[in-house]
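1. Quick one, structure for this:
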Amino acid sequence: MKKSVVFIEPTGNMSNVFENYMRLPLLGSLYLATILHNHGYRVRVINENILGREVDPFEIQADVFCLTALTVSASRAKLLAAQLRTIYPDCRILIGGIHASLLPEEFTGVADHVVVGEAEEIIVDLVEGRIEEKVVAGSKVEDLEGLPPINYSLLDGFATMDVVPVMTSRGCPFDCSFCTVTKAFGRRFRSSSAERVVAEVENAMGYFAAKAFFFYDDNFTANRLRVEAICDLLNEKKLAITWTAQVRCDLAKSPDLVEKMAKAGCRRAYIGFESIDDETLKALHKSQTQADIVRAIQVFHQFGISIHGMFMFGEDHDTLETIDRTV
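-> Numbers count the residues shown, from 1 in each chain. Below you'll find the predicted structure:
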């Protein structure tokens, strides 16, 4: 009989807007779970934020546990790993995620393997015990269209979600000094075609009654011709979804594309403004100015797209005055 595998995404700091208000799963675990499920494994994905409680380790027996460690959830991941090891001494424990990828040594004491980077191409070998290294480097998925459509039903409580996450690219061509995206996924922008993106949306619609989508891509509009094609195809198929996406404020330099996105169902843009101080923006390598931010707000609002602005405080050029001005 194939092994049983449980993925766990621990809860983190509830001041994180995505945990506190949206309660959506990361898609890394769902891709890995789908791959294993398609190989015949018994798979379950648990997201503590979606469940609304911390999972009891006594209730989740499995042969292999795969934990995700973000910075906000790293302590919880280590605690769970230690508890699972005590309760199920014969189990195997894998830990991945952005925090584990950047600081793997934090988890070597509680995990059999710490996975650095993308694990889709090695997850079966890891589960089968064919890899011996403690810290295992994954390889970047070159063909994202080769990944299977996500099986959302593997996620406990998936039917309670009213926003559906989809990710269509990895990497970012920019190099902001503070960002982990390029460290984890690289600066080369890898993406799925418009046809595959819409197919992912249609696949998700088979699981959810909701028609509100969140494109998780760190820079959804890095390839603007692709975004045009996605919008055209969404309109052509008359899927009638609404969606949000993470973009840069320089998208406002293409108002025709912003208008096309609005007509294709885009209702909100998550934009990393970071600061309104030009010296701080320069130090962060944001390749944008306060004037660019003002222009972006005007253009997005012009076409009826609301903005969730994201800001950072504490860059070395920040003072109490610049922070006060930003607020």
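2. How much space separates the spatially closest residue to residue 231 that is not a sequence neighbour from residue 242?
-> Leaving out its chain neighbours, the residue that sits closest to residue 231 by CB to CB, 6 or more residues apart in numbering is residue 264, at 3.7 Å. Every C-beta, even on glycine, is put in place using the N, C-alpha and C of the backbone. For residue 264, the distance to residue 242 equals 10 Å [CB to CB, to the nearest Å].
3. I'd assumed residue 233 was in a helix, is it?
-> Yes - secondary structure of residue 233, determined by DSSP: H, G, I helix; E, B strand; the rest coil: located in a helix.
4. give me every residue that touches it.
-> If you count contacts by CB atoms under 8 Å, 6 or more residues apart in numbering, residue 233 has them with 194, 195, 197, 198.
5. Greatest separation within those residues: which pair is it?
-> 195 and 197 (7.3 Å; CB to CB).
6. higher neighbour count, these two?
-> Here residue 195 and residue 197 are set side by side on neighbour count (other CB atoms under 10 Å), and the busier one is residue 197, at 26 against 12.
7. before we move on, the earlier item: next step: the contacts of residue 233 restricted to helices.
-> Helix and strand membership here follows DSSP state H; of the contacts of residue 233, those in helices are 194, 195, 197, 198.
8. who are the neighbours in contact with the closest residue to the third one other than its chain neighbours?
-> Among residues not flanking residue 197 along the chain, residue 168 sits closest, at 4.6 Å (CB to CB, 6+ apart). Contacts here follow CB under 8 Å, 6+ apart; on that basis residue 168 touches 144, 191, 192, 196, 197, 200, 215, 217, 220, 230.
9. what's the neighbour count on the second one?
-> To tie it back to what came earlier, the one meant is residue 191. The burial count assigned to residue 191 is 20, neighbours taken as other CB under 10 Å.
10. Pipe the contacts of residue 168 into TSV and attach secondary structure and pLDDT per row.
-> Formatted as TSV, the entries for these read as follows, by DSSP: H, G, I helix; E, B strand; the rest coil; pLDDT from 0 to 100:
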residue	secondary structure	pLDDT
144	helix	92
191	strand	90
192	coil	94
196	helix	97
197	helix	97
200	helix	96
215	strand	96
217	coil	93
220	coil	94
230	helix	97
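11. By mean pLDDT, flag the weakest helix or strand of the protein.
-> Of all the helices and strands that make up the chain, helix 17 has the lowest average by mean pLDDT, DSSP states H and E, namely a mean of 62.
12. how about low-confidence regions in the chain?
-> 13-22 (pLDDT under 70).
13. contacting residues around stretch 183-193?
-> Applying CB under 8 Å, 6+ apart, the contact partners of stretch 183-193 are 98, 101-102, 117-118, 140-142, 144-145, 168-175, 200, 217-219, 222-223, 226, 229.
14. same thing but at 6 Å, please
-> Defining contact as CB atoms under 6 Å, 6 or more residues apart in numbering, one finds that stretch 183-193 is touched by 98, 101, 144, 145, 168, 169, 170, 171, 173, 222, 223.
15. Which of these fall in helices?
-> Here DSSP H is the test, and those give 98, 101 as lying in helices.
16. thought residue 120 was touching residue 142?
-> No - if you go by CB atoms under 6 Å, residue 120 and residue 142 don't touch, sitting 10.8 Å apart.
17. of those two, who's got more company?
-> More crowded of residue 120 and residue 142, by other CB under 10 Å: residue 120, with 19 against 9.
18. how about the more buried one, phi and psi?
-> Reported as degrees, to the nearest 10, the phi and psi values for residue 120 are phi -60, psi -40.
19. How much space separates the residue nearest to it when sequence neighbours are not counted from residue 185?
-> Nearest-residue entry for residue 120: residue 141, 5.4 Å, with adjacent residues in sequence omitted and distances by CB to CB, 6+ apart. Noted for residue 141: a distance of 10 Å to residue 185, by CB to CB.
20. Same check on residue 96?
-> Separation of residue 96 from residue 185 (CB to CB) stands at 14 Å.
21. do residue 34 as well
-> Residue 34 sits 19 Å away from residue 185, going by CB to CB.
22. So residue 286, which state does it fall into?
-> coil.
23. How many residues are close by it?
-> 25.
24. Go through stretch 226-236 and flag the buried ones.
-> Residues of stretch 226-236 classed as buried: 226, 227, 228, 229, 230, 231, 233, 234 (neighbour count, 16 or more other CB atoms under 10 Å).
25. wouldn't the second one be in contact with residue 221 here?
-> Right, the one you point to is residue 227. Yes - look at residue 227 against residue 221 with CB under 6 Å: they come within range, at 5.0 Å.
26. re the thing from before, who has more neighbours out of residue 264 and residue 242?
-> Neighbours around residue 264 and residue 242, counted as other CB under 10 Å, are more numerous at residue 264. The numbers are 20 against 14.
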